[in-house]
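S.K.: Based on what follows, work out the 3D shape:
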Amino acid sequence: MTFQEAIGQLPLESTQHAVGFPSLFLLIALGSLVPVIPTGAVVSSVAVVALHQPLPYAVPAVFLVSALAAFTGDITLYWLGRRGLSFRGGSRWLAALRERVTAERLAQAERGLERRRVTMLVVSRLLPAGRIPVMLACLLTRMPLRRFAEADAPACLAWAAAYGLIGILGGSLFPEPWQGVLAVVALTLLISGAPALWGRLRRGGPRRGAPGGGPP
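M.R.: You can find the predicted model right below:
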């Protein structure tokens, strides 16, 4: 039997997963480095598709690959940030992190890290827009890379489990995979965009002390 014949006899689902899992890893890792990819939506969507596959390992593989990719992206970003601390003016990675965090949120993250490091990292991973302030606080307090990795590992596992569960629930509610994908994408985007929307509403709301509750 030739190599081409052997490949042709492989199940279609196995071939799809052989291509899909590396793509999933790259998307999640890249999204952790450059937060323009909705990584939570990616995990939930792939979990929906995996739920409708006959392969028993598909859903657990989505969870493991997503957690490993998120951990890889976090560690890479943290290493780049620590490297920036060693140079005058910092690296562009560290500067980019600073620009995205307000002084108030940074102070809150630093106080949380003083009490419970692992819990703070887990919560920061689960809360929308919570990861970068806590990571920056870890950098500025000079937390060693090893200690950060020990706390970040359970955080990435919890994050992958949460968004994977959203995908499983969405996939089980709809008969067709595309329906579940649309539902979980809409839900995860709503969750990730809620803090920004709330901040805009607060900034645009009536100021205290203004006559009639309107702008001064």
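S.K.: What ranges in this structure fall below the confidence cut-off?
M.R.: Applying pLDDT under 70 to the chain flags the ranges 1-19, 85-94, 96-97, 192-216.
S.K.: can you do 90?
M.R.: 1-23, 32-41, 44, 48-59, 77, 79-143, 167, 169-216 (pLDDT under 90).
S.K.: So Arg142: helix, strand or coil?
M.R.: coil (DSSP: H, G, I helix; E, B strand; the rest coil).
S.K.: Ramachandran angles for it?
M.R.: Main-chain torsions, Arg142, degrees, to the nearest 10: phi 60, psi 40.
S.K.: now swap in Val36 and tell me
M.R.: Taking degrees, to the nearest 10 as the convention, Val36 sits at phi -120, psi -10.
S.K.: and the closest residue to Ala149 other than its chain neighbours, what helix or strand is that in?
M.R.: Closest residue to Ala149 apart from its sequence neighbours, by C-beta to C-beta, 6 or more residues apart in numbering: Ile75 at 5.8 Å. In short, each C-beta sits where N, CA and C put it, glycine included. Using DSSP states H and E, Ile75 sits within helix 58-85.
S.K.: What residues sit buried inside that helix?
M.R.: 58-59, 61-63, 65-75, 77-78, 80-82, 84 (16 or more other C-beta atoms under 10 Å).
S.K.: For burial, what's the neighbour tally of Glu104?
M.R.: 9 (other C-beta atoms under 10 Å).
S.K.: Assign Ala137 to helix, strand or coil.
M.R.: helix.
S.K.: repeat for Pro56
M.R.: Once three-state DSSP is applied, Pro56 turns out coil.
S.K.: Can you get me a residue count around it?
M.R.: 8.
S.K.: what does Ala158 give?
M.R.: Considering only other C-beta under 10 Å, Ala158 is surrounded by 16 other residues.
S.K.: Does it touch Leu126 like I think?
M.R.: Yes - contact criterion C-beta atoms under 8 Å: Ala158 and Leu126 qualify, at 6.3 Å.
S.K.: before we move on, back to that, point out the other helices and strands that the helix holding Ile75 packs with.
M.R.: helix 12-33, helix 39-51, helix 92-99, helix 131-140, helix 145-173 (3 or more C-beta pairs under 8 Å, 6 or more residues apart in numbering; DSSP states H and E).
S.K.: most neighbours per residue, which of those helices?
M.R.: helix 39-51 (a mean of 26; mean count of other C-beta atoms under 10 Å).
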